[in-house]
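> Here you go, sequence then predicted model.
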Amino acid sequence: MMNVCAACGVYHADMIVEASRVETSGVAVCPACGHREPFAIQPLLLIGGASEAGKSTVCRRIAARCERAVVLETDILWRAEFNTPANRYRDYFEMWLRLAKNVGQAGRPAVLIGASFAVPDNVEPCVERRYFSTVHYLALVCDDRVLSARLRARPAWREALDTADQQVAFNRWLVDHRGEPPIDRIDTTDADEEATAKAVLHWIDARLEE
């Protein structure tokens, strides 16, 4: 409901955000009538990676153990109409940022886990990006040959081999990326599931301390 002005009732995703000096609380100003609505400004933590890099496993292992944030796997809301690569799946990312913004009003930031959420260019241009103090990116990556072997080991019904080359290329892009904002990385090549989960929880705590 934050995008609907409490005074005039007009919907605006592009509220004017005024942050406090400490950037943990702010005010959303309605562009239509000037109404000022206080809201909690939270950081946003995004975790991505290629198929078989370990995202779903990590989500299952940390969701109940992460006390400082709300962990959500983004695949749960994917629908065919979001498949718009021409505009970098903009509606899908706007929806998830809007949801994360509203989750944050309960006092805990959101951690979103999904393949392309580790790509800053998918998120930084979003209108809803303005409501977060900062966005932290983490990619789960692994050796290309190991990733290929994991994809080949998937059940046939998942049709993993159809996109194997694309997934390996995406994994390599995440490993090599050196742009801004930066992408942190956790290598899952030799780590077992519990070690990876602990590393991700440590990353979450470290980013929230910032």
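Alright, I've got the coordinates.

> nearest spatial neighbour of Tyr89, skipping sequence neighbours?
Phe82 (5.9 Å; C-beta to C-beta, 6 or more residues apart in numbering). Where you see a C-beta, it was placed from the backbone N, CA and C, and this is true even at glycine.

> any idea how far the one you found is from Gln105?
The gap separating Phe82 from Gln105 is 24 Å, by C-beta to C-beta, to the nearest Å.

> and if you look at Val29?
For Val29 relative to Gln105 (C-beta to C-beta), the value is 17 Å.

> In terms of neighbours, single out the busier of those two.
Val29 (17 against 12; other C-beta atoms under 10 Å).

> Quick check, pLDDT for the more buried one.
Per-residue pLDDT puts Val29 at 95.

> contacting residues around it?
Applying C-beta atoms under 8 Å, 6 or more residues apart in numbering, we find Val29 in contact with 15-18, 35-37.

> Keeping just the C-alphas, turn whichever strand or helix holds Leu46 into CSV.
Taking DSSP states H and E as the definition, one finds Leu46 inside strand 42-49. The C-alpha atoms that make up strand 42-49 are tabulated as CSV, following Å, rounded to 0.1, in the frame of the first residue of the first chain:
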residue,chain,number,x,y,z
GLN,A,42,16.1,-0.6,4.7
PRO,A,43,19.0,-2.1,2.8
LEU,A,44,18.2,-4.7,0.3
LEU,A,45,20.3,-7.9,-0.1
LEU,A,46,20.2,-9.8,-3.4
ILE,A,47,21.6,-13.3,-4.0
GLY,A,48,21.9,-14.8,-7.5
GLY,A,49,23.8,-17.2,-9.6
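
> which strands and helices sit next to the helix or strand containing Asp184?
Taking DSSP H and E as the criterion, the element that holds Asp184 is strand 183-187. Here strand 183-187 touches strand 132-141, helix 164-176, helix 193-209, going by 3 or more C-beta pairs under 8 Å, 6 or more residues apart in numbering; DSSP states H and E.

> ok, and which of the ones you listed has the densest surroundings?
Greatest average neighbour count among these goes to strand 132-141 (a mean of 22), per mean count of other C-beta atoms under 10 Å.

> Just list what that one packs against, helices and strands only.
So strand 132-141, by 3+ C-beta pairs under 8 Å, 6+ apart, packs with strand 42-49, helix 90-104, helix 120-123, helix 164-176, strand 183-187, helix 193-209.

> Reformat these as JSON lines; add mean pLDDT and distance to Leu112.
Output for those, formatted as JSON lines (pLDDT from 0 to 100; distance: least, C-beta to C-beta, whole Å):
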{"stretch": "strand 42-49", "mean pLDDT": "97", "distance to Leu112": "5"}
{"stretch": "helix 90-104", "mean pLDDT": "97", "distance to Leu112": "6"}
{"stretch": "helix 120-123", "mean pLDDT": "98", "distance to Leu112": "9"}
{"stretch": "helix 164-176", "mean pLDDT": "95", "distance to Leu112": "16"}
{"stretch": "strand 183-187", "mean pLDDT": "98", "distance to Leu112": "14"}
{"stretch": "helix 193-209", "mean pLDDT": "97", "distance to Leu112": "12"}
